[in-house]
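Asks: I'd like to go over a predicted model; first the sequence, then the structure.
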Amino acid sequence: MKQTLLAVLFLMTVTSVALAQAPTPAATAPRRKMTIQTTPAAAYGYSYATNEVTALLGFNSAAPVFGANYARMNGAVGFGGYFFMQTAKDKATTTIISQVLSFGGLIKVNLVDTASVKAYMAPGVGLSMIKEGSISATGKADETVIGPVWKMGVLYKLSQSLNIGLETTLFGNFFNDNLTNYKAPSQYFAVAATFAF
């Protein structure tokens, strides 16, 4: 009897140890990799390119007008410069349009910048060299003026890097009072194509 009781106790101990060491169904089940699907929120915004170059082409009484602007943008404001060339137009011995060559610095500010349209202004200061006066044996008088420059433009965005539209440029004269025979306007209009990169 004593041996039977010992045998039963031994079997119970062995069984309890075996059960304690046996893996549970949860432990033997294969681990499943859980994935959580997330949908990123759409972010809307209009980025500004670091550099903007604008090519200008226009006409003034059939005399071609050329120009170029450059601005290094930092957000909506950029600093740069401009180049402008109004070609001369003469008829017989009379100057119809005076030649103007101008260059200087400007500050470009984007006033409106949407997904499809951009409007800007660009005030600055420039140096202008003007050939004015009637054609004679001595040629035309050359005058150099320093003054403010005001540019405004509206562009339609064909793509992120190409915009096309119109720009107007207004030149001022601080000091020179010798432009009595100047034969060109102080404000010009041109087709503008802006390349952003």
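Replies: Thanks, I have it.
Asks: can you pull out the helices in the protein?
Replies: All helices of the chain, identified by DSSP state H, fall at 2-21, 25-28.
Asks: could you list the low-pLDDT ranges of the chain?
Replies: 1-49, 92-95, 132-140, 177-185 (pLDDT under 70).
Asks: quick one, strands of it?
Replies: Using DSSP state E, the strands found in the chain span residues 51-60, 63-74, 77-86, 89-91, 94-97, 99-113, 117-132, 141-157, 162-171, 187-196.
Asks: return the list of helices and strands in contact with the last one.
Replies: This means strand 187-196. strand 51-60, strand 63-74, strand 141-157, strand 162-171 (3 or more C-beta pairs under 8 Å, 6 or more residues apart in numbering; DSSP states H and E). C-beta coordinates here come from the backbone N, C-alpha and C atoms, glycine included.
Asks: the longest one vs strand 187-196, what angle?
Replies: Pointing back at strand 141-157 there. Compare the direction of strand 141-157 with that of strand 187-196 by axes from the mean of the first three to the mean of the last three C-alpha atoms, to 10 degrees and you get 50 degrees.
Asks: check which residues of strand 141-157 are buried.
Replies: For strand 141-157, a neighbour-count test (16 or more other C-beta atoms under 10 Å) marks 141, 143, 145, 147, 149, 151, 153, 154, 155, 157 as buried.
Asks: now do the contacts for the closest residue to the second one other than its chain neighbours.
Replies: Read that as residue 143. Of all residues not flanking residue 143 in the chain, residue 130 sits nearest, at 4.8 Å (C-beta to C-beta, 6 or more residues apart in numbering). By C-beta atoms under 8 Å, 6 or more residues apart in numbering, residue 130 lies in contact with 98, 99, 100, 101, 142, 143, 144, 145, 179, 182.
Asks: before we move on, what about residue 171?
Replies: 100, 102, 126, 128, 147, 148, 149, 186, 187.
Asks: what's across from residue 84 in the sheet?
Replies: Beta-bridge pairing of residue 84 under DSSP bridges involves residue 67, residue 102.
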